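*Asks:* how does the following fold in three dimensions:
(one chain, ligands or ions: 1)
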Amino acid sequence: MDFEYTQEEQAFRQEVRDFLDKNLPPWEQRGPGFMAEWLKKVRGKCWVGFSWPKEVGGGGGNIMEQVILKEEMARRRAPALGTCFMGLAWVGPGIIKYGTEEQKQRFIPEILDSKYQWCTGYSEPNVGSDLASLQCKAVRDGDSYVINGTKIWTSLAPFADWISMLVRTDNSSESKHEGITSLLVKLDSPGIDIQPIENMAGASIFAQIFFDNVRVPVENRLGEEGKGWEVTISSLANERSSIGEVTAMYEKLENLKELIKKARKNGKPARKDVGVRRRIAEFESRIEAMRLNGLRYLTKQIKGEPLSSETSVNKLHRALLEIDMTDFAVDILGQAGLQLSGQEEAVDHGRWATAALSWPDVVIGGGTPNIQKNIVAERILGLPKD
Ligand SMILES: Cc1cc2nc3c(=O)[nH]c(=O)nc-3n(C[C@H](O)[C@H](O)[C@H](O)COP(=O)(O)OP(=O)(O)OC[C@H]3O[C@@H](n4cnc5c(N)ncnc54)[C@H](O)[C@@H]3O)c2cc1C
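*Replies:* Okay, the predicted model is just below:
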């Protein structure tokens, strides 16, 4: 593997740095209009959907440049390059890969313009890890599908405009992976009821969604009828790769280092404690291991190969790292580490307490650690099936 950057890549890195110097003011100077202005500017640079093809409105950038862009943005703690999180991470790539021309023209610009929020409807009350057993049903009726059933734990559903979901269109096949269809559904369609669920941290960012005779035009089907599993495998790889992305960990590590600078341990500044320093070094090494593992995917992508099971490695790694880093911060802070935003002794607006209660986002969301371990064991290490 060649770790050197080409001259073009170095020039691109400089371009991103110059842009950030000019357009990213320090936190305290960012006014209410900052985010809208930022989104307009990065869209103008074609940095939203940077590696997507130009024909659909993406930047047409190569994968290496995409990595550089993400690294520089993360280093400067820049805001996201778009607010349509799932749209950019896996719904959009799914539409580009499996969608019709009409679907690409219709949905991709809206994702790039941060216009609509997307959510993902896979899990059902009795269907999580064993996703292919899903029961939410859609029956073809003329030019529409009619959906009946429910989805649960749907992140962002209380705020989303669209859902990319899986339904069962055929029960007759012996293989449960057959007969699943992927549909793109507008969440204000008649017959949809969204019931927010409160999480441990007191936020209602996911929901259970009920579908009662919801009609969806056939043109909103993504991929072939009954072949939704293929679309899902590709989306899940993108989801796991985005959860396992190392750039997300840089900011957490920096926040942890800031915390150590102001915290005390055994009556002394925490930053002088050998045990504390050792843990920080350990986290830094684990993040570096994640980065190096990420380069494996990158090599695959540069060769034009699709992402697959290997994304489970960093997804698993990040889950454990998130828990360990947060537990460490809460331990250092003692009682104050348990206080949420608004409580008297809350530190950093309760960031660490919130993180300690939000671990299911990255640990369970996108598939549990046990499932990632099974994938690594069976599909990467070639061990016998579970
Ligand atoms: C914060 C959060 C956000 C989420 N967001 C979404 C979303 O946006 N969209 C969506 O569709 N879903 C979402 N989910 C649901 C998530 O994908 C499921 O919760 C997850 O896949 C686990 O399924 P389950 O809850 O049914 O648990 P189960 O599948 O019942 O698992 C229960 C336990 O059994 C273990 N287990 C199950 N099968 C095996 C096996 N074969 N081998 C070893 N162990 C096994 C699991 O690891 C787990 O510990 C979200 C969940 C959370 C917590």
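*Asks:* now the strands for the stretch 201-350 of the chain?
*Replies:* 206-217, 221-222, 264-265, 268-269 (DSSP state E, counting those that start in this stretch).
*Asks:* and the last one, what other elements does it pack with?
*Replies:* Think strand 268-269. Helices and strands touching strand 268-269, as assessed by 3 or more CB pairs under 8 Å, 6 or more residues apart in numbering; DSSP states H and E, are absent. Using the backbone N, CA and C atoms, a C-beta is placed for each residue, glycine as well.
*Asks:* gap between that strand and the chain center?
*Replies:* 37 Å (CA atoms, centre = their mean, to the nearest Å).
*Asks:* partner strands of it, with direction?
*Replies:* Counting by DSSP bridges, the strands paired with strand 268-269 are strand 264-265 (antiparallel).
*Asks:* ok now the strand it pairs with, how far from the chain's centre?
*Replies:* Counting by CA atoms, centre = their mean, strand 264-265 comes out at 34 Å from the chain centroid.
*Asks:* please apply the same query to stretch 10-23.
*Replies:* Distance of stretch 10-23 from the chain centroid (CA atoms, centre = their mean) equals 25 Å.
*Asks:* ok, now stretch 283-293?
*Replies:* The answer for stretch 283-293 is 19 Å, by CA atoms, centre = their mean.
*Asks:* ditto for stretch 4-19
*Replies:* The answer for stretch 4-19 is 26 Å, by CA atoms, centre = their mean.
*Asks:* likewise for stretch 326-335?
*Replies:* 26 Å.
*Asks:* which one of the strands of the stretch 201-350 of the chain lies closest to the ligand?
*Replies:* Ranking the strands of the stretch 201-350 of the chain by their distance to the ligand (criterion: CB to the nearest ligand atom) puts strand 206-217 first, at 5.3 Å.
*Asks:* and the end-to-end length of stretch 293-310?
*Replies:* This stretch, stretch 293-310, spans 9 Å end to end (CA to CA, to the nearest Å).
*Asks:* burial of R76, as a residue count?
*Replies:* R76 is flanked by 12 other residues according to other CB atoms under 10 Å.
*Asks:* please apply the same query to N126.
*Replies:* Count around N126 with other CB under 10 Å applied: 10.
*Asks:* what of I111?
*Replies:* 29.
*Asks:* assign a three-state SS to it, would you?
*Replies:* helix (DSSP: H, G, I helix; E, B strand; the rest coil).
*Asks:* residue contacts, it?
*Replies:* Contacts of I111 were listed using CB atoms under 8 Å, 6 or more residues apart in numbering, and they are G49, G82, C84, G87, L88, V91, G92, W118.
*Asks:* and it, how far from S189?
*Replies:* 19 Å (CB to CB, to the nearest Å).
*Asks:* name the nearest of the contacts of I111 relative to W229.
*Replies:* V91 (16.5 Å; CB to CB).
*Asks:* tell me the contacts of the closest one?
*Replies:* Here V91 is in contact with F107, I111, W118, T120, W162, S164, S235 (criterion: CB under 8 Å, 6+ apart).
*Asks:* ok, now T154?
*Replies:* C119, T120, G121, S123, I163, F206, A207, Q208, I209.
*Asks:* can you rerun that using 6 Å?
*Replies:* C119, G121, F206, A207, I209 (CB atoms under 6 Å, 6 or more residues apart in numbering).
*Asks:* now W118
*Replies:* Listed by CB under 6 Å, 6+ apart, the contact set of W118 reads M86, G87, V91, W162.
*Asks:* can you pick the most crowded of the residues you listed?
*Replies:* G87 (29 neighbours).
*Asks:* picking that back up, ok, and which of the contacts of T154 reach the ligand?
*Replies:* C119, G121, F206 (CB under 6 Å from any ligand atom).
*Asks:* between those, which is nearest G61?
*Replies:* Using CB to CB, C119 comes nearest to G61 of the ones next to the ligand among the contacts of T154, at 26.9 Å.
*Asks:* so what's the gap between the helix or strand where that closest one lies and the chain middle?
*Replies:* Using DSSP states H and E, C119 sits within strand 118-121. Centroid separation between strand 118-121 and its chain, computed with CA atoms, centre = their mean, is 11 Å.
*Asks:* can you check stretch 309-325 too?
*Replies:* The answer for stretch 309-325 is 13 Å, by CA atoms, centre = their mean.
*Asks:* can you show me the CA trace of stretch 127-143 as PDB?
*Replies:* What follows is stretch 127-143, C-alpha atoms only, in PDB (Å, rounded to 0.1, in the frame of the first residue of the first chain):
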ATOM      1  CA  VAL A 127     -37.300  -8.300  13.800                       C
ATOM      2  CA  GLY A 128     -33.900  -6.800  14.400                       C
ATOM      3  CA  SER A 129     -30.800  -8.900  14.000                       C
ATOM      4  CA  ASP A 130     -32.700 -11.400  11.900                       C
ATOM      5  CA  LEU A 131     -33.700  -8.700   9.500                       C
ATOM      6  CA  ALA A 132     -34.700 -11.000   6.600                       C
ATOM      7  CA  SER A 133     -37.600 -12.200   8.700                       C
ATOM      8  CA  LEU A 134     -39.400  -8.900   8.300                       C
ATOM      9  CA  GLN A 135     -43.200  -9.000   8.000                       C
ATOM     10  CA  CYS A 136     -44.300  -5.500   7.100                       C
ATOM     11  CA  LYS A 137     -46.300  -6.300   4.000                       C
ATOM     12  CA  ALA A 138     -46.900  -4.500   0.600                       C
ATOM     13  CA  VAL A 139     -49.400  -5.700  -1.900                       C
ATOM     14  CA  ARG A 140     -49.300  -4.600  -5.500                       C
ATOM     15  CA  ASP A 141     -52.600  -2.900  -6.500                       C
ATOM     16  CA  GLY A 142     -52.500  -1.400 -10.000                       C
ATOM     17  CA  ASP A 143     -49.800   1.400 -10.100                       C
END
